[in-house]
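J.: got a structure for you, letters missing:
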């Protein structure tokens, strides 16, 4: 019997070198940048021998473009819970302004412990519950592709065995693998960039 795997991919870049980096959440629907398209192409080449029985993406341009690059003509479903979180008043703001408003300590808590800063619209418990239900619905005998954003991906680590050993941040154009073992889902890779 094959073991099912869930490949969680973060979309490619939405900014290129030299661009001003902004905090981009679910309300900002940016396409992939030039470097992001290259990352998506690299992911597609990396996964060319992996057969995905099912595939899911958020409804944002950057995730759909990444999913389409990886899957070619294979279809995928949209899953609402995979859409990036809402960064509230920090949405679309330069990172320097975000730090000035919330402080570096609050941003560090988000990066290390997934504690949302004040005024960000995200319910960690809802995302953890959604990830648990999603993983439970995946086939234990085939591969599933998920393309999402970092704000959402980080919460899957809370519902899998050994997830706390991984850094919260999943870099753009990177992926992780969750093995659907009989007793509990287990993280076998995280932050792998082809």
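T.: Arrived safely, thanks for sending. Quick caveat, the model's predicted, so the values are computed rather than measured.

J.: what is the longest strand of the protein by residue count?
T.: Ranked by number of residues, the top strand in the chain under DSSP state E is strand 185-192.

J.: and that strand, how far out from the chain's middle?
T.: Relative to the chain's own centre, strand 185-192 is displaced by 13 Å; criterion: CA atoms, centre = their mean, to the nearest Å.

J.: what comes up buried for that strand?
T.: Using 16 or more other CB atoms under 10 Å as the test for burial, strand 185-192 gives 185, 187, 190. Yep, even glycine has a C-beta here, placed from its N, CA and C like the rest.

J.: contacts only, for residue 45.
T.: Going by CB atoms under 8 Å, 6 or more residues apart in numbering, residue 45 touches residue 194.

J.: and stretch 133-145, how far apart are its ends?
T.: 16 Å (CA to CA, to the nearest Å).

J.: name the residues of it that come out as buried.
T.: Across stretch 133-145, burial judged by 16+ other CB under 10 Å covers 134, 135, 138, 143, 144, 145.

J.: beta partners of the fourth one?
T.: Going by DSSP bridges, residue 143 is paired in beta bridges with residue 5, residue 52.

J.: wait, it sits on residue 52?
T.: Yes. Counting by CB atoms under 8 Å, residue 52 is a contact partner of residue 143 at 5.0 Å.

J.: so what's residue 72 closest to, chain neighbours aside?
T.: If the residues on either side of it in the chain are set aside, residue 72 comes closest to residue 44, at 7.5 Å by CB to CB, 6 or more residues apart in numbering.

J.: for residue 20, same thing?
T.: residue 94 (5.8 Å).

J.: and that neighbour, how close does it get to residue 46?
T.: 32 Å (CB to CB, to the nearest Å).

J.: also residue 177?
T.: Here the criterion is CB to CB. By it, residue 177 lies 12 Å from residue 46.

J.: do the same with residue 31
T.: Distance, residue 31 to residue 46, using CB to CB: 21 Å.

J.: residues contacting residue 70?
T.: Neighbouring residues of residue 70 by CB under 8 Å, 6+ apart: 9, 40, 43, 44, 47, 55, 145, 147.

J.: also residue 35?
T.: Contacts for residue 35 (CB under 8 Å, 6+ apart) come out as 12, 13, 16, 17.

J.: checking the last one next. Helix, strand or coil?
T.: Same thing as residue 17. Using DSSP: H, G, I helix; E, B strand; the rest coil, the structure places residue 17 in coil.

J.: likewise the first one?
T.: Secondary structure for residue 12, judged by three-state DSSP, is coil.

J.: just the element for the nearest residue to it once chain neighbours are set aside, please.
T.: Leaving out its chain neighbours, the residue that sits closest to residue 12 by CB to CB, 6+ apart is residue 36, at 3.1 Å. Assigned by DSSP states H and E, residue 36 falls within helix 34-46.

J.: before we move on, what about residue 145?
T.: Assessed by DSSP H and E, residue 145 sits inside strand 143-148.
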